[in-house]
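A.B. asks: The sequence and its predicted three-dimensional model are supplied below.
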Amino acid sequence: MGGGADLFLAIWTNTLGAVVGSILSFVVPARHRGMARSEDADEPRPVTRGRRLIGMLCDGLAAAVTVVLVGTSTQLWLQFVVGDQEAVREGTLADTLATAIPVLAWLVLILATGRSVGDLAVQLRYRGGRVPTPVARVLRWAGGVGGWLLLGALPGPWALLASAFALTSLVLVFATARGRGMPGILSGMRVEDARDPGTTAVPAAPESGSRRP
């Protein structure tokens, strides 16, 4: 049992270190990463559909990695620390946590900041709308990776709805103003560069009225 626990701790430590290192890379100033910071680094950039697609890809990859990390960690913990072989074979706890934790993590992040992991990665945010901010943020979450994860957790063939959701989300990036997509449609918010000071008086997603960087 002791050797198994040591193996679990070694795997967990290495995985946690990689995840923490990746997260910290977002907050370490560019000058400390050997990258020269341009003079206009804090100036807003045009909101393009390419940026939205990259943000969606970041959300999808981060969510998938989180699902695998939580599920694997739970199984290793049950196997080598708890020693519950029956729970490992059933996989119920691992499946439940691997679904619930990513869903709740993205919900808490968006409620707290208004932005998902993908939004943070590409410096975008959703603002405005006609409903209270907490409600709009929940709808923004449901129209993004939150809705995708929930549909993917449905039993049997119903889980295929997640694929339809992803395809619809992809199409809507090209069919909506500035690529605000399903999150913008459900929440009524516009998408903009996170560095843009903005103004709450601007109507939602007026493509012709976007600022120049």
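C.D. replies: Thanks, I have it.
A.B. asks: give me the low-pLDDT residue ranges for the protein?
C.D. replies: Across the chain, the ranges flagged by pLDDT under 70 are 1-41, 198-213.
A.B. asks: Let me see the ranges of the helices in it.
C.D. replies: Assigned by DSSP state H, the helices in the chain fall at 2-27, 49-76, 85-90, 92-113, 117-122, 133-142, 145-152, 161-175, 181-187.
A.B. asks: got these as JSON lines, with mean neighbour count columns?
C.D. replies: Where you see a C-beta, it was placed from the backbone N, CA and C, and this is true even at glycine. Shown next, in JSON lines, are these (neighbours: other Cβ atoms under 10 Å):
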{"stretch": "helix 2-27", "mean neighbour count": "11"}
{"stretch": "helix 49-76", "mean neighbour count": "18"}
{"stretch": "helix 85-90", "mean neighbour count": "12"}
{"stretch": "helix 92-113", "mean neighbour count": "17"}
{"stretch": "helix 117-122", "mean neighbour count": "22"}
{"stretch": "helix 133-142", "mean neighbour count": "20"}
{"stretch": "helix 145-152", "mean neighbour count": "22"}
{"stretch": "helix 161-175", "mean neighbour count": "14"}
{"stretch": "helix 181-187", "mean neighbour count": "24"}
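A.B. asks: Save those as a markdown table, and put in distance to residue 195 too.
C.D. replies: Converted to a markdown table, those look like this (distance: least, Cβ to Cβ, whole Å):
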| stretch | distance to residue 195 |
| --- | --- |
| helix 2-27 | 15 |
| helix 49-76 | 12 |
| helix 85-90 | 47 |
| helix 92-113 | 15 |
| helix 117-122 | 12 |
| helix 133-142 | 19 |
| helix 145-152 | 23 |
| helix 161-175 | 21 |
| helix 181-187 | 19 |
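A.B. asks: how about these, which one is nearest residue 194?
C.D. replies: With Cβ to Cβ as the measure, helix 117-122 is the member of those nearest residue 194 (7.3 Å).
A.B. asks: Provide the contact partners of that closest one at residue level.
C.D. replies: Helix 117-122 is touched from outside by 26, 51-52, 54-60, 62-63, 106, 109, 113, 124-126, 144-145, 194, with contacts defined as Cβ atoms under 8 Å, 6 or more residues apart in numbering.
A.B. asks: what's the offset of that helix from the middle of its chain?
C.D. replies: Its chain's average C-alpha position is 7 Å from that of helix 117-122, according to Cα atoms, centre = their mean, to the nearest Å.
A.B. asks: With stretch 147-160 instead?
C.D. replies: Distance, centroid of stretch 147-160 to centroid of chain: 17 Å (Cα atoms, centre = their mean).
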